[in-house]
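Student: Here you go, sequence then predicted model.
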Amino acid sequence: MTQATQSPAPDDRQYDYPKVRIYSILGDTEHRIILRVLADADEPLSLKELTRATLLDEEFDQEISASVLRGLMLDIYLPVLDSAGVIDTDAGYNKIAPGEHHEGYLEIATAVDELYDSHFGGR
């Protein structure tokens, strides 16, 4: 008689969540742009500076205004990155800097970009 395999207990499945979260975050173009912009900055950026740099990034191809992007940053992009430890911010998003996990996320994004380029010839 064969024994049925059981699904792992919730504690045994914890390793799955970070990988799923990483894929989810890096699957968003704006998140990857923010990672690069912060990596290139010499110091923390204000929301206005980060918005401007994001709009100027070659990968950012949406035609939206700075005010709309700023709203998206406040409502969506920055809270997601902050909760994952990818960025560190102050309460009013006046200073946005790389967080504890920024380097790891950036390395993964860069590796995927390089692999994509080598297999598919660029963006």
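Tutor: That came through fine.
Student: show me where this protein has helices.
Tutor: For the chain, the helices defined by DSSP state H cover 16-26, 29-40, 47-56, 66-72, 78-83, 102-120.
Student: Quick one: closest of these to Tyr93.
Tutor: Tyr93 lies closest to helix 47-56 among the helices of the chain, at 4.4 Å (Cβ to Cβ). No exception for glycine: its C-beta is placed from N, CA and C like everyone else's.
Student: other SSEs contacting the closest one?
Tutor: Applying 3 or more Cβ pairs under 8 Å, 6 or more residues apart in numbering; DSSP states H and E, one finds that helix 47-56 contacts helix 29-40, helix 66-72.
Student: and with 6 Å instead?
Tutor: Helices and strands touching helix 47-56, by 3 or more Cβ pairs under 6 Å, 6 or more residues apart in numbering; DSSP states H and E, are helix 66-72.
Student: residues making contact with the helix it packs on?
Tutor: By Cβ atoms under 6 Å, 6 or more residues apart in numbering, the residues outside helix 66-72 that reach it are Thr51.
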